[in-house]
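# Below is the sequence, then the predicted model.
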Amino acid sequence: MEYVNFGSAGVKVSRLALGLGFRGQADEVEGQRVIERAIDLGINLIDCANTYGPGDARTHIGRSEVVLGKALKGKRDDVVITSKVFSRIGTGPNDQGLSRYHIMREVERSLNRLNIDCIDVYLVHNFDESTPIEETARALDDLVHQGKVRYIGCCNHSAWQACKALWIQHALNLAPYMCMQNPYNLLHRALERETFPFVRSEGLGVMVYSPLAVGLLSGFYKPDAPPPEGSLWAKRRMDQYETMMAGAEGKVLTTLFDIANELDKTPGQVALSWVLSHPEVTVAITGGDTLEHLEDNIGGVGWVLDAALREKLDAVSVNLESGR
């Protein structure tokens, strides 16, 4: 496993992080085993949120933090932990957003579920148009000074939104965002337009989620074949799947499978290596829900994708920005 500085910060993190959305994992015991195995394999960055829970079910909000807390026993000092705040956690008027009220309440709940004293990287999960950026920035700065979080960052922000927040943080001498977290993969290359130049300029780290495009690039879904029965794309997204496979996305999958066969790698490993070949990307977050998924994804690090093969993937996916 390769370790790099997280953006301009001194803390070092693995190129592959484990995300605890657990969309396809409903068993908490198995989820804990996945976390423990990830740490054993050298992954030292675990990405969580106050809304994550097994099976991606609203009734399980917060349970991923509980599972992570159990997995950390005896290993806390070896792991960098993220959690997030913004998303709706209840029906009340203050159960969402980036107000001081919501942030201060939710960080305490996350710390309790995780059973730790400090969250390493606390991320705002989205941009909140209803709360002044100054209010959010001062609340986050207070958490840093109180020792409840070590670093802060933002998710799902456009370049201008993150730039505006950074400007305010610097102007008020507050703790600045040190990283961004956004989706990026062969089927969703929008970050290259404005976000990559921005992070190069400001020295921010980049965590990319959905590097396998919600499983489409994992190798589980095959070109010129219907989605496996019972899979996500065979149920809620069947109409999208058929349209994509007849278009540009289908050509990407065909090229990805050809290159994987040439290299004796899985399509998911090649797709991860392509993501990590971009110097702007610090970390790719694997959403592997099972030990099998995790073991396969680990094979996406520790090697370099040949420049000529990367150019093939670049060429076939160059205009894809809509996102998966």
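Ah, there it is. Computed from a predicted structure; not experimentally measured.
# mind showing which ranges of the stretch 51-200 of the chain have poor pLDDT?
Scanning the stretch 51-200 of the chain for pLDDT under 70 picks out the ranges 57.
# For the most centrally placed residue in the chain, give the beta-bridge partners.
The centroid of the chain falls nearest to Y209 when counting by C-alpha atoms, centre = their mean (3.2 Å). According to DSSP bridges, the residues that bridge with Y209 are P183.
# Was I right to think it contacts V281?
No. Using C-beta atoms under 8 Å, Y209 is not in contact with V281; the gap is 11.2 Å. Placement of C-beta: from N, CA and C, glycine included.
# Are there residues contacting both of the two? Which ones?
Counting by C-beta atoms under 8 Å, 6 or more residues apart in numbering, the contacts common to Y209 and V281 are Y184.
# can you tell me how far R76 sits from D40?
15 Å (C-beta to C-beta, to the nearest Å).
# Which one's more surrounded, those two?
The neighbour comparison of R76 against D40 (other C-beta atoms under 10 Å) goes to R76, with 15 against 9.
# can you tell me the helix or strand for the closest residue to the more buried one other than its chain neighbours?
For R76, ignoring the flanking residues on the chain, the nearest one in space by C-beta to C-beta, 6 or more residues apart in numbering is I116 at 6.4 Å. Assigned by DSSP states H and E, I116 falls within no helix or strand.
# now do A17
Judged by DSSP H and E, A17 forms part of strand 16-19.
# same for that strand, what does it pack against?
Identification of packing neighbours for strand 16-19 by 3 or more C-beta pairs under 8 Å, 6 or more residues apart in numbering; DSSP states H and E yields helix 28-40, strand 45-47, strand 283-286, helix 291-298.
# what angle sits between the first one and helix 291-298?
Interaxial angle of helix 28-40 relative to helix 291-298 (axes from the mean of the first three to the mean of the last three C-alpha atoms, to 10 degrees): 20 degrees.
# Using CSV, write down the CA coordinates of helix 28-40.
The C-alpha coordinates for helix 28-40 follow below in CSV (Å, rounded to 0.1, in the frame of the first residue of the first chain):
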residue,chain,number,x,y,z
GLU,A,28,-23.2,-5.3,10.8
VAL,A,29,-21.0,-8.2,11.9
GLU,A,30,-19.9,-8.8,8.4
GLY,A,31,-19.4,-5.0,7.9
GLN,A,32,-17.1,-5.0,10.9
ARG,A,33,-15.1,-7.8,9.4
VAL,A,34,-14.7,-5.8,6.2
ILE,A,35,-13.3,-2.8,8.2
GLU,A,36,-10.9,-5.0,10.1
ARG,A,37,-9.7,-6.7,7.0
ALA,A,38,-9.2,-3.3,5.2
ILE,A,39,-7.0,-2.2,8.1
ASP,A,40,-5.0,-5.4,8.0
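# so for it, what's the average pLDDT?
In this model, helix 28-40 has a mean pLDDT of 94.
# buried residues in that helix?
For helix 28-40, the buried set under the neighbour-count rule, 16 or more other C-beta atoms under 10 Å, comprises 28, 31-39.
# Contacts for it next, please.
Counting by C-beta under 8 Å, 6+ apart, 18, 20, 22, 25, 46, 54, 63-64, 66-68, 70-71, 75, 78-79, 288-291, 294 sit against helix 28-40.
# How far away from the center of its chain is it?
17 Å (C-alpha atoms, centre = their mean, to the nearest Å).
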